[in-house]
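Participant: Next one to model:
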Amino acid sequence: MGKINGCLKCLFVFFNGISAHIGCGLIYLLVRVQSYSSQLSTAGGPSMAWGWVFAIGVVGISCLGIYAARAENLIALRIFAAFMGIGLIIMMICGIIVVVAKNNVKELFNNASAEMEKTYMADEKFRGMLEELQKTDHCCGMLSFEDWDKTIPDSCVCYPASGGGVNPSGPSECISRPEGSSGPDKIFKRSCSEALGVFWWINLIFQIMMGFSFGLAVTALLGLLVSIMMIHQVKRYDSGRGASMAMKDY
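Facilitator: Numbers count the residues shown, from 1 in each chain. Okay, here's the model as predicted:
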């Protein structure tokens with residue numbers, strides 16, 4: 001009978017095996033894109049060095065976990081637990097950085113779009129295109145209804161779900177026309193940039209990065225908890241064996 005519970009050991013080895021295969025897959029991808037890395041670095045793109053560090057680290061730590069569980073080695077288990085604790089902290093910090101960066105990028109995007117919007121709204125051709133877009137996509141203004149200042153066009157008219165009118169594409173969320181402005185009583189709440197999904201792709205990338213960071217943090221937490229349980233089982237087995245041997249000598 002081993003020092004560690006058999007089911008716990010098998011589960012631990014299984015998930016570390018999956019992590020090792022994922023790390024090998026990352027290394028394979030890095031090898032495949034290695035030819036483009038020099039071009040990206042020359043153009044000012046990000047270096048692939050951190051990718052190599054991450055991929056090799058995943059493989060190395062996973063192999064360490066497999067060895068520690070199979071050999072039931074207390075020192076190796078403690079080293080693995082230390083790596084899991086460090087990984088948990090790093091991934092939590094990365095997740096928080098991504099959340100902050102997402103908010104900053106959105107703010108910069110909106111500010112830049114607002115500056116461009118002032119120039120475009122002075123163009124009659126652009127205003128006509130925007131009105132056609134508002135009719136088809138059920139939106140008001142490129143960034144918000146405030147783009148139209150005090151005169152909101154009829155293309156922004158919105159019919160509430162409970163009202164008498166019906167929008168061709170179904171009911172849309174409506175808001176009341178701001179006080180001091182002229183135009184329809186009810187207008188579309190969403191902007192045309194939302195309808196077109198201008199920020200959608202940027203938001204999707206940040207969502208994936210957040211999910212990746214916090215997902216790895218949860219994985220590291222589980223690995224830390226399981227390794228602590230295994231350390232406790234090994235220490236309990238060794239202490240019990242030592243006590244039994246002492247009584248036997250006596």
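Participant: what's the weakest-modelled helix or strand in the protein?
Facilitator: Within the chain, no helix or strand scores below helix 34-42, which has a mean of 60 by mean pLDDT, DSSP states H and E.
Participant: what's the helix or strand just after that one in contact with?
Facilitator: Downstream of helix 34-42, the first helix or strand assigned by DSSP states H and E is helix 49-71. Residues from elsewhere that reach helix 49-71 (Cβ atoms under 8 Å, 6 or more residues apart in numbering): 4, 9, 12-13, 16-17, 19-20, 22-24, 26-27, 30, 73, 76-77, 79-80, 83, 87, 223, 227, 230. Placement of C-beta: from N, CA and C, glycine included.
Participant: who does the helix or strand that helix 49-71 is followed by touch, helix- and strand-wise?
Facilitator: Next in sequence after helix 49-71, counting helices and strands by DSSP H and E, comes helix 74-120. Counting contacts by 3 or more Cβ pairs under 8 Å, 6 or more residues apart in numbering; DSSP states H and E, helix 74-120 is packed against helix 49-71, helix 200-249.
Participant: And the following helix or strand past helix 74-120, what's buried?
Facilitator: Tracing the chain past helix 74-120, the next element assigned as helix or strand by DSSP H and E is helix 124-137. Buried positions in helix 124-137, judged by neighbour count with 16 or more other Cβ atoms under 10 Å: 130, 133-134, 137.
Participant: The next helix or strand after helix 124-137: partners in the sheet, and parallel or antiparallel?
Facilitator: Once the chain leaves helix 124-137, the next helix or strand it forms, by DSSP H and E, is strand 174-176. Strand 174-176 has the following sheet partners, assigned by DSSP bridges: strand 186-188 (antiparallel).
Participant: quick one on the thing from earlier: just the buried residues of the contacts of helix 49-71.
Facilitator: Applying 16+ other Cβ under 10 Å to the contacts of helix 49-71 flags 4, 9, 12-13, 16, 19-20, 23, 26-27, 30, 73, 76-77, 79-80, 83, 87, 223, 227, 230 as buried.
Participant: What is the neighbour count of the closest residue to residue 9 other than its chain neighbours?
Facilitator: Counting by Cβ to Cβ, 6 or more residues apart in numbering, the nearest residue to residue 9 once its immediate chain neighbours are dropped is residue 69, at 5.1 Å. Neighbour count for residue 69, taken as other Cβ atoms under 10 Å: 25.
Participant: How much space separates residue 69 from residue 4?
Facilitator: For residue 69, the distance to residue 4 (Cβ to Cβ, to the nearest Å) stands at 7 Å.
Participant: Name the residues contacting each of these two.
Facilitator: Counting by Cβ under 8 Å, 6+ apart, the common neighbours of residue 69 and residue 4 are residue 230.
Participant: returning to what we had before: quick check, nearest of the buried residues of helix 124-137 to residue 204?
Facilitator: Checking the buried residues of helix 124-137 against residue 204 by Cβ to Cβ gives residue 137 as the nearest, at 19.5 Å.
Participant: Against residue 226, how distant is the nearest residue to that closest one once chain neighbours are set aside?
Facilitator: Closest residue to residue 137 apart from its sequence neighbours, by Cβ to Cβ, 6+ apart: residue 195 at 4.1 Å. Distance from residue 195 to residue 226, counting by Cβ to Cβ: 47 Å.
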